[in-house]
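Engineer: Predicted model and sequence below, questions to follow.
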Amino acid sequence: MTLTVPLESPEAADPERFGPKAANLARLAQAGLPTPGGACIDAQAYRAQVEHLGLCVAARQAASADLPLARRRALEVRMGLFQQPIAVPVLEAWQALEGVPAAVRSSALVEDRAGASFAGQFESYLGVGSEADYLTAVRACWAALWSVRALRYFALQEIDPAQNAMALLVQPFVAARAAGGGLSRTPGGEMLLTAAPGPGSAIAQGEVVPDRYLLDRDAVVLEAEAGRSQTAAGCAHERALPRARSACLDRSQASALGSLLLRAEQLLAHPVEIEWVLGANGFQLVQARPLRVEAAVAVAEPWPSDRVLRGQPAGIGRATGRSCVIRSPASERSRWCSARPTRPSAFPMAWK
């Protein structure tokens, strides 16, 4: 069985071999939607490496033993995957790029599924420029299945990590001048796009407040709001101050991207959340996952203006009670929280 297949190959659309992230992107590419292309590495490569290194028992114990032993076994699996040579063929995807820097992305078999997206729990590496760095990125993506935050998410979802595996998506790195995400359906029935300058990691890392574009179902822009960048004022220890900037997309660009978002929803036959980049070849989609949409909650009575928080929502729902501002993962938990932009991986800790 071939472990590496091109994204355009019909085989790549198999989520049981290549994970839903890669499989969804393969379906988009095969339907003619713009993607960077690239190749998928079968999750069997991860399984074969774990077996070759003799880590199967440690993996099972990491998922089922008491907490101290489980942590030791999880560390044993992670370090084994990092420290030992790779015994399975994974270089074909790198060699196919012919010297172009790579984007190496996780595509776990449990990732991007309805009800358990694992958003922000695994790893992606952008601009990988050498074979040695590529092999390190492969190891790191495999090992991310056993990171502390991923194991916490597995436990919350009651999923056994030892019964799962990590496929990989290897693509040409896009030197993007803008990137962001999109929701094909909001609770109000519109579409929502976000955008920020650069390759998109600034949004994931919480370094910027992205632009927001609200569109109707015909991809017509209803609202456009420029975002802000977080910049340090003088000393790095001083409070970061938001800095206004111009919008990344004009209305015609936002409308064109909205049309791609609609096509992705139609192809996958359910609401979707996408990630996109804008480079020399125009808009390209790099991810599409199922989107859970709940009906908008009608507010029985207007809230006083001094009790309303404004910002980028991180989750669905409404709650009453004592709130707190989260400044770090160790902050005190409460019914609902306000935080500066941060990684998605922080929120399972906040809500546990």
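Structural biologist: On my side now, so go ahead. Numbering: from 1, shown residues only.

Engineer: switch to C-alpha atoms for all contacts and neighbour counts from now on
Structural biologist: Fine.

Engineer: Break down the stretch 151-300 of the chain into its strands, ranges please.
Structural biologist: 166-172, 178-183, 191-197, 208-209, 211-215, 221-225, 228-232, 240-244, 272-279, 282-290 (DSSP state E, counting those that start in this stretch).

Engineer: and the fourth one, average pLDDT?
Structural biologist: For strand 208-209, the per-residue pLDDT values average out at 83.

Engineer: likewise the longest one?
Structural biologist: Confidence over strand 282-290 (mean pLDDT, whole number) is 94.

Engineer: and what of the second one?
Structural biologist: With pLDDT averaged residue by residue, strand 178-183 scores 95.

Engineer: The first one now?
Structural biologist: The predicted model assigns strand 166-172 a mean pLDDT of 96.

Engineer: Dump that strand to PDB, keeping only the CA atoms.
Structural biologist: Taking C-alpha atoms only, strand 166-172 is exported to PDB below (Å, rounded to 0.1, in the frame of the first residue of the first chain):
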ATOM      1  CA  MET A 166      -1.900  10.800  13.000                       C
ATOM      2  CA  ALA A 167      -1.900  11.300   9.300                       C
ATOM      3  CA  LEU A 168      -0.100  14.300   7.700                       C
ATOM      4  CA  LEU A 169      -0.800  16.900   5.100                       C
ATOM      5  CA  VAL A 170       2.300  18.200   3.200                       C
ATOM      6  CA  GLN A 171       1.800  21.200   1.000                       C
ATOM      7  CA  PRO A 172       3.700  24.000  -0.700                       C
END
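
Engineer: Excluding chain neighbours, give the residue nearest to residue 52 in space.
Structural biologist: The spatial neighbour of residue 52 that comes closest, neighbours along the chain excluded (C-alpha to C-alpha, 6 or more residues apart in numbering), is residue 87 at 7.3 Å.

Engineer: swap in residue 262?
Structural biologist: Counting by C-alpha to C-alpha, 6+ apart, the nearest residue to residue 262 once its immediate chain neighbours are dropped is residue 184, at 6.4 Å.

Engineer: is it true that that neighbour touches residue 192?
Structural biologist: Yes: if you go by C-alpha atoms under 8 Å, residue 184 and residue 192 touch, sitting 6.7 Å apart.

Engineer: quick one: low-confidence ranges for the chain?
Structural biologist: 65, 114-117, 205, 230-244, 295-352 (pLDDT under 70).

Engineer: Any idea how many residues pack against the closest residue to residue 92 other than its chain neighbours?
Structural biologist: Nearest residue to residue 92, sequence neighbours excluded (C-alpha to C-alpha, 6+ apart): residue 4, at 6.9 Å. Neighbourhood size, residue 4 [other C-alpha atoms under 10 Å]: 23.

Engineer: hang on, the residue nearest to residue 52 in a strand?
Structural biologist: No: secondary structure of residue 87 (DSSP: H, G, I helix; E, B strand; the rest coil): coil, not part of a strand.

Engineer: quick revisit: the strands of the stretch 151-300 of the chain into CSV, with extra columns for mean neighbour count and distance to residue 106?
Structural biologist: Putting those into CSV (neighbours: other C-alpha atoms under 10 Å; distance: least, C-alpha to C-alpha, whole Å) gives the following:
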stretch, mean neighbour count, distance to residue 106
strand 166-172, 27, 5
strand 178-183, 24, 18
strand 191-197, 26, 22
strand 208-209, 24, 24
strand 211-215, 23, 26
strand 221-225, 16, 32
strand 228-232, 17, 27
strand 240-244, 14, 31
strand 272-279, 23, 14
strand 282-290, 22, 11
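
Engineer: Let's have the ones you listed in CSV, adding distance to residue 130.
Structural biologist: Shown next, in CSV, are those (distance: least, C-alpha to C-alpha, whole Å):
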stretch, distance to residue 130
strand 166-172, 13
strand 178-183, 24
strand 191-197, 26
strand 208-209, 29
strand 211-215, 34
strand 221-225, 39
strand 228-232, 31
strand 240-244, 35
strand 272-279, 22
strand 282-290, 22
